[in-house]
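Peer 1: Pasting a predicted model and its sequence here:
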Amino acid sequence: MPSLRTQGLGVAYGGNRVFEDINISIDGPGLVGILGPNGVGKSTFMNAINKVITPSEGKVYLNGRDTSEMSYRDIARFVAYVPAQSKETFSMSVIDTVLMGRYPVSGISTTDNDVRIAAKCIGMMNVSDLAMRRFNELSAGQHQRVMIARGLAQEPEIMLLDEPTSNLDIYHQIYVMRLLRDLARERGIIVLAICHDLNVAAKFSDRLILFSEGKVVQDGPPSEVITSGNIREVYGVDADVVQVDGRPYAVYHADPQTPGGSMGTAPSD
């Protein structure tokens, strides 16, 4: 059974602390949504888990193993990471791009089984018609789906996705989140997904973790995290939260305000 645990985790750049004392335990499969405004450390948290960034303090344990004692390839054998936006501009085909996800398993040798797995993942993301297209010729939304397919091709036990629904239309946002939820349950894997759409996250996630100002504000089922009070405190936005199909659904008021009622400045990215 996959597990992920952080113990006193903190990251700082120079004198600027991004977050500190993050203690999270995820034992067993499920889709976990990571929420919070821009700039609170969500992506940095993902990168610290994946050892892209070395924590300033604390530990990360993947399946009980301390990541500081693991090689990058060891981590890649059972952890897949899908960035928010691919900056890769290589001109290889989509099928070859997805096959890159098999490298931690097969190395530089591609087997027939690798090709079958890659083709299956391409089909799951509804991009089979693009298999022979060049990756750098695709739209942003197509890029996103191909990169998710590449992550799936690793057949990971833990999957980290930074805004997997960015650049996607409404249909594909719902499709991708439903797919990730079902994959987590059917394959018995942990899926962590950073989301900005609270309602999409609440609809499909088994658990939500809400970040604000470098700390975890709330961690639990969607009904405990998506509340008017939390939205007001963390985002500075008034909202009514109603139940739709047994899940919380936030209806935002027109004018965002800072706590206390005065109009605030639009947050920067």
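Peer 2: Received it, and whenever you're ready, just let me know what you need.
Peer 1: Just the strands from the stretch 151-269 of the chain, written as ranges.
Peer 2: 158-162, 190-194, 207-212, 215-220, 239-244, 247-252 (DSSP state E, counting those that start in this stretch).
Peer 1: Turn these into TSV, columns for mean pLDDT.
Peer 2: As requested, the strands of the stretch 151-269 of the chain are arranged in TSV below (pLDDT from 0 to 100):
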stretch	mean pLDDT
strand 158-162	96
strand 190-194	97
strand 207-212	97
strand 215-220	96
strand 239-244	96
strand 247-252	96
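Peer 1: Can you tell me which of these is most buried?
Peer 2: The highest mean neighbour count among the strands of the stretch 151-269 of the chain, using mean count of other CB atoms under 10 Å, belongs to strand 190-194: a mean of 26. In short, each C-beta sits where N, CA and C put it, glycine included.
Peer 1: Summarise which helices and strands that strand is packed against.
Peer 2: strand 3-13, strand 30-35, helix 42-49, strand 158-162, helix 170-187 (3 or more CB pairs under 8 Å, 6 or more residues apart in numbering; DSSP states H and E).
Peer 1: So for Val237, which of those sits nearest?
Peer 2: strand 30-35 (13.0 Å; CB to CB).
Peer 1: Quick one: mean pLDDT for that closest one?
Peer 2: Average pLDDT, strand 30-35: 97.
Peer 1: Contacts made by that strand with the rest, please.
Peer 2: The contact list for strand 30-35, computed with CB atoms under 8 Å, 6 or more residues apart in numbering, reads 26, 42, 45-46, 177, 180-181, 184-185, 190-196, 198, 201-202, 204-211, 225.
Peer 1: Run the chain-centre distance for that strand.
Peer 2: 7 Å (CA atoms, centre = their mean, to the nearest Å).
Peer 1: And the next helix or strand past the helix-or-strand element of the chain with minimal mean pLDDT?
Peer 2: Lowest mean confidence among the helices and strands of the chain (mean pLDDT, DSSP states H and E): helix 103-106, at a mean of 84. Using DSSP states H and E, the helix or strand that follows helix 103-106 in sequence is helix 112-124.
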